[in-house]
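Novice: here is the input, now give the coordinates:
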Amino acid sequence: MKIHPLSDRIVVKPAEAEEKTKGGLYLPDTAKEKPVWGEVIAVGPGKITEDGKKIPMEVKVADKVLYGKYSGTEVSVDGQEVLIMRESDIFAIMPK
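Specialist: The predicted structure is shown next:
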């Protein structure tokens, strides 16, 4: 993928929406919920403070992260749907 986010932004590939409930029922497209986790595929260099210092990013490429339900901006890059969001929109990094 050819995208390089700026500042403290990251690019996340959202997880696939569940197609089946735990009870085994298949969900129609209209009933599927938006996923709230995904994999980081690109990371910006970090935020620069007003006094010129760079704050390094805590997340890195290939991290699995939890984010808010309505976080980020959905875009299509190379035919793939991704989210671009700020690092502050990330709630947690999931263990591997």
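Novice: I figured V36 hits K69, correct?
Specialist: Yes - the pair formed by V36 and K69 meets the contact definition of C-beta atoms under 8 Å, at 5.5 Å. In short, each C-beta sits where N, CA and C put it, glycine included.
Novice: what's in contact with stretch 2-22?
Specialist: Identification of contacts with stretch 2-22 by C-beta atoms under 8 Å, 6 or more residues apart in numbering yields 1, 26-27, 32-35, 37-48, 55, 57, 59, 65, 67, 72, 77-78, 80-88, 90.
Novice: V36 and K69 - which one has more neighbours?
Specialist: Neighbour count, other C-beta atoms under 10 Å: between V36 and K69, V36 has more, with 15 against 8.
Novice: distance of the more buried one from V12?
Specialist: Distance, V36 to V12, using C-beta to C-beta, to the nearest Å: 11 Å.
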